[in-house]
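[1] got a predicted model here, sequence first, then my questions.
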Amino acid sequence: MNPSTLFASPSTPHRSVLYSPFLDPLPLRFTAHSKKLTLKRRLSRASINSSAEDQSAPSTSPPPPNNVFGGKRELTGIQPLVATLSPPIRLASSALILGAAIAAGYGLGSRFGKSQTAALGGAVVLGAAGGAAGYALNARAPDVAAADLHNYVAGHSDPRAVKKEDIETIAKKYGVSKQDEAFNAELCDIYSQFVSSVLPPGGEELKGDEVDTIINFKKALGIDDPDAAAMHMEIGRRIFRQRLETGDRDAGIEERRAFQKLIYVSTLVFGEASSFLLPWKRVFKVTDSQVEIAIRDNAQRLYASKLKSVGRDIDAEQLVSLREAQRSYQISDELAMDLFRERTRKLVEENISSALSILKSRTRSVVSSRSVTEVVKELDKVLAFNNLLISLKNHPNADQFASGVGPVSLLGGDYDGDRKMDDLNLLYRAYVTDSLSNGRMEENKLAALNQLKNIFGLGKRQAEAITLDITSKVYRKRLAQAVTGGDLEVADSKAAFLQNLCDELHFDPQKASEIHEEIYRQKLEQCVADGELDENDVSALLRLRVMLCIPQQIVEAAHSDICGSLFEKAVKEAISAGVDGYDADVKKSVQKAARGLRLTKEVAMSIASKAVRKIFINYIKRARGAGSRTESAKELKKMIAFNTLVVTELLADIKGQSSDTPSEEPVKEEEKPVEEPVEEQVEEDEEWESIQSLRKIRPGKELTAKMGKPGQTEITLKDDLPERERTDLYKTYLLFCLTGEVRKIPFGAQITTKKDDSEFVLLNQLGGILGLSTKEIVEVHRSLAEQAFRQQAEVILADGQLTKARVEQLDQLQKQVGLPPQYAQKIIKSITTTKMAAAIETAVGQGRLTIKQIRELKEAGVELDNMISESLRENLFKKTVDDIFSSGTGEFTEEEVYEKIPSDLSINAEKAKSVVIELARTRLANSLVQAVSLLRQRNRQGVVSSLNDLLACDKAVPSKPLSWEVPEELADLYAIYLNSEPAPEKLSRVQYLLGIDDPTADALREMGDRTISVGSEEEKFVF
């Protein structure tokens, strides 16, 4: 398989591949006469190609030229005689000749041989000669029939006029059939020459009727499909040979296109049988995909040529014809759909290009209404064509129409791209402008605009923006006419008049309201151009507001923005003048702006507050960036002065009050949602009286008169700074008031300058600027007092011991810092508790603290849970249980161990029980070992204690009898415990645990005293 032999450039031919198809050609039923026929084909082929190249490409295929099959053939020799004889006469003549020859031979043999043998020999000889002559006469019949067939076909000016009946008459005339090789070869040669003449050269396109022409001619000749298919393959070989002979690249391209046409036409001629009648892949080494491409490309070109007849007046009959052509060309629905839509797109693009050329004509400096009308006409043609296609798509017989019938789209065409979108926007804008030229939007224009948007591929927002822009201008124009003409003013309902105007233009009422607001703002800007609004301006604005139905909130917002910007400018100029620049002229300008611009008090205060707070923030930033507490306090002091001398005056001028009259602080409901309880208010008053720094920020009458007028507290930084930052700033200035100003002197020394109580008055004003509530201020002062008290108290209570002398010392310290007693007691308790917790934890860690002492501490109110960690409390429990198991008393109370002690130590009861069981099991075996060890040491009291510990462990975890290697030692243990006079139940349990049976126990009980005395003597003797 080598597809290059079919589609590759002829500049690099592969001879082995190109020659290979011709080494084994398809067998044709040719006789020796085939050489003459082959020479004839070559001559006729040259004439066909030369004549075809001179032809033009008309819309339909013209009839083949007269010399397609060459001139008529002349009969020679006996052929004229054969042509005159019918088959019966020719057979009779042959028999007559044979008989005459036999008779003549017999006569001559008798005459000259004078014998019967010679006569028979002469008859045989002349009879054979006569038979040969008769055979020769009949053998010439197929050749004569072929010549007659050739002359018949060549005698027609249009080969398509050849009739099947005439061909059959010729065959019948000479008694031949298609099985005769000479006759069949002539049929094949005629068919091959005809197909070569019908197929256009490589540079020309198919006309579409070639397949039908070839099929009709094939039927007229009566040639079989295998023979006809062999001729198609022979034509393909001829094209390849011509390609090898030329060697020209352009000619090679034409030959390749000619071969593709041959494949396509041959496939249509033979239909489904072409798959086995036309072995393109085997003979020419091409692939299935190359064959499919050849078929598809030629079908596409044929169908595209057919679609050129489609115009803007396409009808159902034409669409049915296209559908039939699609099927005959064997083109897929998808490809036919794309081609049809491409054709309709081209038609629409012609109208669009024409409209754009009119719109962009350089001869017009301004687009006139006439040019817009011409543009709209072109666009109406597009819309009419689109509506026609939509109606055809919805036709009842739409399934019989060509594929692709439907709305037009520019996608995939010349106008599909961002560069062309601007041009389409211009056309859409022109159509919208024309639709609104009479001052209203008709329903049919809306539908047309929607279709035009879809055709152009405009986005919804893009189309709405263009429509809104133009409609807004038309609405403004009609609104201006209604206002100037008085129609709007005399209307009974302004709202109904405006709504009707919107309905006529199909304009969004919300957008109309925005235009009304814009008009009102423009009017307001004109009125306040001189810096104030007089009565005439107010009346004009009110009239405009009523006519345009502008809501009150829109009016207030407009005044707030426009008049507020002017007022803000005046306020900024006033406060930028600083403390020394706020003079009478500045006051006058502020008062004029506040009254002349007719702003409400709330709006004016809001604007002033915004500007003032920005200045406050600048002071705060400088205070934060200062290098020391003193420098920060100085910046805060400047802010307090600015508030008193500038901001207070500014607010008075805005309100129209005298600066000497104190302003009433507004009561904010959100700050006091619920009245404070009486107890909290009393407690707060007590704190004001107890803390010295708090008392100082409430100046007396003399200090108030000395300090002058107080600063305003309406504009604060409460919403601009977080509470933590505001309290830090307040604390910074409070520390400055408490410590005074630190100044450096030569030689590295520092001196502190004490301040009088006036600084605390400024501190109070600072709290107002920062927006601190009374509770927050009290909290700052108290936190500082607590800090000072804690520092001194920790020194006094360094060892955690609280004596009477130290209590008196702490009371005196509490009065000095001015801290309320309850807070001082909390601090003292915190310090002592912390010290005590450390001591208790150390005692627990060293094992010096018992459960009895723990209970005493709890009864004294000490919170051991917070002082002793859980792990230490668990260790203490473990130690306590271990002491019980090693106390030597043999007592174990479950309630005490499992409930009371865990509760006192605040540990988990289940966990405590598991600890007890584990310890009991361990101590049980150890107690027995310890008792035996003490027995061997002659320590009777130790033995008794160990056995009691064994009983205690047994009470916690009941045990089975214990085993020991030396049973006599167990008996001695029992005897010693028996003489210690224990309780009967204990003695019985010891007997069980030691595994002593009753007889042994009785025997030990009887000899108990003697055993002990003997043991004592032996002990003394050993000693």
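    Everything's here; your move.
[2] contacts, neighbours, all on C-alpha from now
    OK.
[3] count of neighbours near K477?
    13 (other Cα atoms under 10 Å).
[4] sec struct for it, please.
    What DSSP: H, G, I helix; E, B strand; the rest coil gives for K477 is helix.
[5] which residues does it contact?
    Under the criterion of Cα atoms under 8 Å, 6 or more residues apart in numbering, K477 has no contact partners.
[6] how close does V546 get to S493?
    10 Å (Cα to Cα, to the nearest Å).
[7] ok, A798 next?
    For A798, the distance to S493 equals 89 Å [Cα to Cα].
[8] how far away from the center of its chain is stretch 188-199?
    Taking Cα atoms, centre = their mean, to the nearest Å, the mean C-alpha location of stretch 188-199 is offset from the chain mean by 64 Å.
[9] also stretch 564-573?
    47 Å.
[10] give the rounded mean pLDDT of stretch 614-631.
    On average, the pLDDT along stretch 614-631 is 88.
[11] and for it, what's in contact with it?
    632-636, 638-639, 717, 732-733, 736, 741-742.
[12] tell me the one of those nearest E786?
    Nearest to E786 among those is T732, at 16.1 Å by Cα to Cα.
[13] what helix or strand does I293 sit in?
    Using DSSP states H and E, I293 falls within helix 288-307.
[14] what's the next helix or strand after that helix packed up against?
    Going down the chain from helix 288-307, the next helix or strand is helix 316-329, by DSSP H and E. With contacts defined as 3 or more Cα pairs under 8 Å, 6 or more residues apart in numbering; DSSP states H and E, helix 316-329 has these neighbours: helix 288-307.
[15] so what's V375 up against?
    By Cα under 8 Å, 6+ apart, V375 lies in contact with 354-356, 358-359, 427, 430-431.
[16] swap in 7 Å and give it another go.
    Contact analysis of V375 by Cα atoms under 7 Å, 6 or more residues apart in numbering lists 355, 358-359.
[17] now distance to L987 too, for those, in JSON lines please.
    Putting the contacts of V375 into JSON lines (distance: Cα to Cα, whole Å) gives the following:
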{"residue": "A355", "distance to L987": "127"}
{"residue": "I358", "distance to L987": "131"}
{"residue": "L359", "distance to L987": "128"}
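[18] ok, so of those residues, who is nearest G457?
    Closest to G457 out of those is A355 (17.2 Å), distances taken as Cα to Cα.
[19] apart from its chain neighbours, what residue comes closest to the closest one?
    Spatially, and ignoring its direct neighbours in sequence, A355 is nearest to V375 (4.7 Å; Cα to Cα, 6 or more residues apart in numbering).
[20] what residues does the helix or strand hosting Q526 touch?
    Per DSSP H and E, Q526 falls inside helix 509-527. Contact partners of helix 509-527, identified using Cα under 7 Å, 6+ apart, comprise 502, 533, 537, 548, 550, 558, 562.
[21] and it, what's buried?
    512-513, 515-517, 519-521, 524-525, 527 (16 or more other Cα atoms under 10 Å).
[22] in a markdown table, list those residues along with pLDDT.
    Formatted as a markdown table, those follow (pLDDT from 0 to 100):
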| residue | pLDDT |
| --- | --- |
| A512 | 92 |
| S513 | 92 |
| I515 | 92 |
| H516 | 92 |
| E517 | 91 |
| I519 | 92 |
| Y520 | 90 |
| R521 | 90 |
| L524 | 89 |
| E525 | 87 |
| C527 | 88 |
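[23] so which one among the contacts of V375 has the lowest pLDDT?
    Comparing those by pLDDT, L359 comes last, at 85.
[24] look up phi and psi at it.
    Torsion angles at L359 (phi, psi; degrees, to the nearest 10) stand at phi -70, psi -30.
[25] give me the distance between it and V382.
    With Cα to Cα as the criterion, L359 and V382 are 16 Å apart.
[26] go on, E602?
    For E602, the distance to V382 equals 61 Å [Cα to Cα].
[27] before we move on, what about A430?
    Look at A430 and V382: by Cα to Cα, they are 14 Å apart.
[28] repeat for A652
    72 Å.
[29] could you check which of E602 and V382 is surrounded by more residues?
    Neighbours per residue, other Cα under 10 Å: of E602 and V382, the larger number sits with V382, 25 against 9.
[30] pick out the residue closest to the middle of this structure.
    The chain has G459 as the residue nearest its centroid, 20.4 Å off, counting by Cα atoms, centre = their mean.
[31] so what's the backbone phi/psi at it?
    The phi/psi pair for G459 (degrees, to the nearest 10) is phi -70, psi 160.
[32] going forward, count from 435.
    Sure thing, new numbering starts at 435, so read that last one as G893.
[33] quick check: closest non-adjacent residue to it.
    Spatially, and ignoring its direct neighbours in sequence, G893 is nearest to K887 (7.7 Å; Cα to Cα, 6+ apart).
[34] how close does the one you found get to A818?
    Distance from K887 to A818, by Cα to Cα: 14 Å.
[35] if you count what's nearby, which of these two comes out ahead?
    When K887 and A818 are compared for neighbours, K887 comes out ahead with 20 against 15, by other Cα under 10 Å.
[36] pull the helix or strand with minimum mean pLDDT from this protein.
    helix 449-457 (a mean of 30; mean pLDDT, DSSP states H and E).
[37] just the strands in this structure please.
    1175-1179, 1183-1187 (DSSP state E).
[38] any idea which of those strands scores lowest on pLDDT?
    Lowest mean pLDDT within the strands of the chain: strand 1183-1187, a mean of 54.
[39] tell me, how many residues neighbour the nearest residue to L769 once chain neighbours are set aside?
    Computed as Cα to Cα, 6+ apart, the closest residue to L769 that is not its neighbour in sequence is Q734, at 7.7 Å. Using other Cα under 10 Å, Q734 is surrounded by 20 other residues.
[40] report pLDDT for Q734.
    Per-residue pLDDT puts Q734 at 86.
[41] any idea how far S762 is from it?
    Taking Cα to Cα, one finds Q734 at 12 Å from S762.
[42] now E751
    Distance, E751 to S762, using Cα to Cα: 17 Å.
[43] one more: S843?
    28 Å.
[44] more neighbours, those two?
    Neighbours were counted for S843 and for S762 using other Cα under 10 Å; S843 has more, 22 against 15.
[45] so what's that one up against?
    Residues in contact with S843, defined by Cα under 7 Å, 6+ apart, are 779, 889-890.
[46] just those: which are in helices?
    Judged by DSSP state H, helices contain the following of these: 779, 889-890.
[47] what about Q933, neighbour count?
    Burial of Q933 is recorded as 17 neighbouring residues (other Cα under 10 Å).
[48] same question, L967
    By other Cα under 10 Å, 19 other residues sit near L967.
[49] how near is S825 to V980?
    50 Å.
[50] over to T918?
    15 Å.
[51] those two: who's more crowded?
    Neighbour count, other Cα under 10 Å: between T918 and V980, V980 has more, with 14 against 11.
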